[in-house]
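[1] Provide a 3D model corresponding to the input given below.
(chains A and B)
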Protein chains: 2
Amino acid sequence: MVSIIEKFATLATDNAPGQEVRQSAGNIRDLMRGDEIRGRLVDFSHGDVDAFTPTPGSFERFSEAVEAGGRQAYTEYRGAADIRSELAQRLEAFTGASVSADEGIILTPGTQGALFLAVAATVSDGDKVAIVQPDYFANRKLVQFFGGQVIPVGMNYLNATAEAGLDLSQLRAAFEAGAKTFLFSNPNNPTGAVYSQTEIDQIVFLAREFGITVIADQLYSRLRYGGEHYTHIRARGLPTEQVLTIMGPSKTESLSGYRLGAAFGSPTIISRMEKLQAIVSLRAAGYNQAVFRTWFNEPKGWMDERIRLHQAIRDELLEVFRSGSLEARTPQAGSYLFPTLPPLSVSLQDFVRLLRHQASVIVTPGTEFGPHANSVRLNFSQDHAAAVEACRRIVEMAHRYRR
Amino acid sequence: MVSIIEKFATLATDNAPGQEVRQSAGNIRDLMRGDEIRGRLVDFSHGDVDAFTPTPGSFERFSEAVEAGGRQAYTEYRGAADIRSELAQRLEAFTGASVSADEGIILTPGTQGALFLAVAATVSDGDKVAIVQPDYFANRKLVQFFGGQVIPVGMNYLNATAEAGLDLSQLRAAFEAGAKTFLFSNPNNPTGAVYSQTEIDQIVFLAREFGITVIADQLYSRLRYGGEHYTHIRARGLPTEQVLTIMGPSKTESLSGYRLGAAFGSPTIISRMEKLQAIVSLRAAGYNQAVFRTWFNEPKGWMDERIRLHQAIRDELLEVFRSGSLEARTPQAGSYLFPTLPPLSVSLQDFVRLLRHQASVIVTPGTEFGPHANSVRLNFSQDHAAAVEACRRIVEMAHRYRR
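    Here you go, the predicted structure:
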């Protein structure tokens, strides 16, 4: 039995995005080589909602909800019926497979809330779960928190281009070893890799063969570059009960301050998620739910422009890293970039602290996403010019601390 | 080992407040005696925020936060430092014991969020937890969800008046049996009983003797009637690490639509709660956190007036129930009333469904709070006249279905 102290030891958040403010500078000055590299602080641990502002109309929808009063303050735990109904139609159109407004969708406090409830609803003591390396750091922590066992599945993201690079033989081996759940992000967080249709169909094939429950975190699936093709796993022939899709407007739409997410698909999992939500936080904040009315309902051209601006940042940052000899996969979607660092004379944790204190750049260490001690993750949804300057500082720092 | 199906079976929400909309009417017409009793629908399962509106300035503080942008959207997981600092001072003044802004307070999505994190941070597989009967329904469910074992402690709320009526010998027996945590609401939900200073001091005495962690849910501790004396357990000599207090502005202040709660006290528990919040929902919605600025900071006289209006409703409802021979304890604080029904010829579940379909009254069955099959809970924070009429209908229904 895992003691409560061990249980919480695996939940360390010291290096989690946004928690940097709780770190002490410690002995960092002793490690510094050379002077400070000055520049405007860029916090790549999350997107900058001042650079890319929330969806037009979001605040207005919120205000109307406050005006509406009690009806909007107290919704069903799974969210207001009329809003679920609107979203079900739009998510059906987006993903190409039906969504039941009554039984097949739940609104949650952020996609993090949806992930937590989904893992709680599928993973119990001793259950094995296949998790991609690298993938979103909370996936691993969630499985461990509920007493499950992570079976890692590699992804060769640097060398694959036409596909994400998932190691399908490792995935099969994980299922053969008894994994009953496969939890993955698509586009992949932190690399921005998008799974090809062939890869998705092979996942579906294995999931059918082994009776696997698939949880697909598609948080960034709207922000796709250069007409990139995207395959929604829920539309590729898995039984409805076997797949749950998670999305939300926190990232591309810059609505993180409202904490909104949605999970849709399997009615059995969603019913459990609602029961649990009743004791976790009751519901996504009632007034906030109304902001969902803007989702998949943005002004014409708004999303295209947002994609265009992010693509321009992506291209210039890749150019900065590559001309500085730092390798990185070209993100096909989303706003994460996961460059590889040269061998360093300091630990990755120290390098990340040095970046913050010496170069005014905040990044998330690759070790949060798996055994990736030679990478850092950047969310490049930032002011374009400031992001470029900050990446130049990262390159200079990488050379300064090269082993 | 508890299977995931059993685990979720204990989380049934069918009779939970606010979920009535998901119940089917079933065969309810077959059970009906006599005609419908018409009247304006009153939903006593929660307070009516249209009758008692949110704190003045709450929406304005929210708007300023949206205007502030990223700084307010992405806070530390435990909440924005400046807001924690404001609240720490006010909660210190309210409770009479110090609160550390840095280590001793966490902001959560509602008090439900705080309760969930607090129980997760203290209760693990096989741990015994002392729980009062009756008490808030989620307490029991939370303990069970985390694999803990509930040890019930009786409360003789109907016959006690100078105190809540806690059975202290049962509390001692629970600690002797190995309970390491005591979780209770004060004022008690559903009865409105307030623990006397003597009772609190006896709880403290036992908690010291047995090294118990005390989690005190003080959600309703501001809404006190007729100058009722109130004792904050955190100010009665327990070591800081042994007590966590939970409060929030969802009820008395009608801010439930924003989902805001706070837990303060033990730094160890709060540190664990923050680690868990990182994977549960990241943080209380960033913009919403700013609404806390209105808390304990209401316009002069606003709270007194709110108390006066609730006391007037309370007194008239008690009069309606008592003149109809339904016994009820006089709530000393909060807006819950827990009348005892006469012996009925239908089950409590059916009576509650009949109340809804035949008499347009929604109440929560007493069985949600423990083995109280002869009671219903009402949240009387409602339109005064409509609440009185609805309680007259409850009395008539109780007589109509009397065994």
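
[2] can you list the weak-confidence ranges in chain A?
    Residue ranges of chain A with pLDDT under 70: A:1-2, A:25.

[3] grab the nearest non-local neighbour of the residue most central in space within it.
    Nearest residue to the geometric centre of chain A (Cα atoms, centre = their mean): residue A:189, 5.2 Å. Closest residue in space to residue A:189, ignoring its immediate chain neighbours: residue A:136 at 4.5 Å, by Cβ to Cβ, 6 or more residues apart in numbering or on different chains. (C-beta placed from N, C-alpha, C; glycine too.)

[4] what about that neighbour, how many residues nearby?
    Close neighbours of residue A:136, defined as other Cβ atoms under 10 Å in any protein chain shown, add up to 24.

[5] for the one 4 residues further on, same thing?
    Neighbours of residue A:140 under the rule other Cβ under 10 Å: 22.

[6] what helix or strand is it located in?
    Element membership of residue A:140 [criterion: DSSP states H and E] is helix A:137-145.

[7] got the buried residues for whichever helix or strand comes after that helix?
    For helix A:137-145, the following helix or strand on the C-terminal side (DSSP H and E) is strand A:149-154. By neighbour count on 16 or more other Cβ atoms under 10 Å in any protein chain shown, the buried set for strand A:149-154 is A:150-153.

[8] what does the top helix by length along chain A contact?
    The helix that spans the most residues within chain A, counting by DSSP state H, is helix A:302-323. By Cβ atoms under 8 Å, 6 or more residues apart in numbering or on different chains, the residues outside helix A:302-323 that reach it are A:52, A:55-56, A:222-226, A:252, A:327-328, A:330-331, A:335, A:337, A:339, A:378, A:380-382, A:384, A:387-388, A:391-392, A:394-395.

[9] flag every buried residue along that helix.
    Buried residues in helix A:302-323 (16+ other Cβ under 10 Å): A:303, A:306-307, A:310, A:313-314, A:316-318, A:320-321.

[10] and for stretch A:171-190?
    Buried, per 16+ other Cβ under 10 Å, within stretch A:171-190: A:171-172, A:174-175, A:179-190.

[11] now do the contacts for residue A:212.
    Here residue A:212 is in contact with A:130, A:175, A:179-182, A:206, A:242 (criterion: Cβ under 8 Å, 6+ apart).

[12] before we move on, what about residue A:76?
    Counting by Cβ under 8 Å, 6+ apart, residue A:76 touches A:274, A:283, B:18-19, B:21-22.

[13] helix or strand for residue A:130, which one?
    Taking DSSP H and E as the criterion, residue A:130 maps to strand A:128-133.

[14] which elements pack onto that strand?
    If contacts are counted by 3 or more Cβ pairs under 8 Å, 6 or more residues apart in numbering or on different chains; DSSP states H and E, strand A:128-133 sits against helix A:137-145, strand A:149-154, helix A:168-176, strand A:181-185.

[15] quick one: end-to-end distance for stretch A:261-272.
    Start and end residues of stretch A:261-272 are separated by 16 Å (Cα to Cα, to the nearest Å).

[16] before we move on, the earlier item: correct me, but the residue nearest to residue A:189 touches residue A:217?
    Yes: using Cβ atoms under 8 Å, residue A:136 makes contact with residue A:217 at a distance of 6.6 Å.

[17] identify the contacts common to these two.
    Contact criterion Cβ under 8 Å, 6+ apart; residues shared by residue A:136 and residue A:217: A:185, A:189.

[18] got the contact list for residue A:358?
    A:28, A:32, A:36-37, A:397 are the contacts of residue A:358 under Cβ under 8 Å, 6+ apart.

[19] next, work out how far apart it and residue B:385 are.
    Distance, residue A:358 to residue B:385, by Cβ to Cβ, to the nearest Å: 68 Å.

[20] redo the buried residues of helix A:302-323 as TSV? Include distance to residue A:365.
    Shown next, in TSV, are the buried residues of helix A:302-323 (distance: Cβ to Cβ, whole Å):
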residue	distance to residue A:365
A:303	31
A:306	28
A:307	28
A:310	23
A:313	22
A:314	21
A:316	24
A:317	18
A:318	20
A:320	20
A:321	17
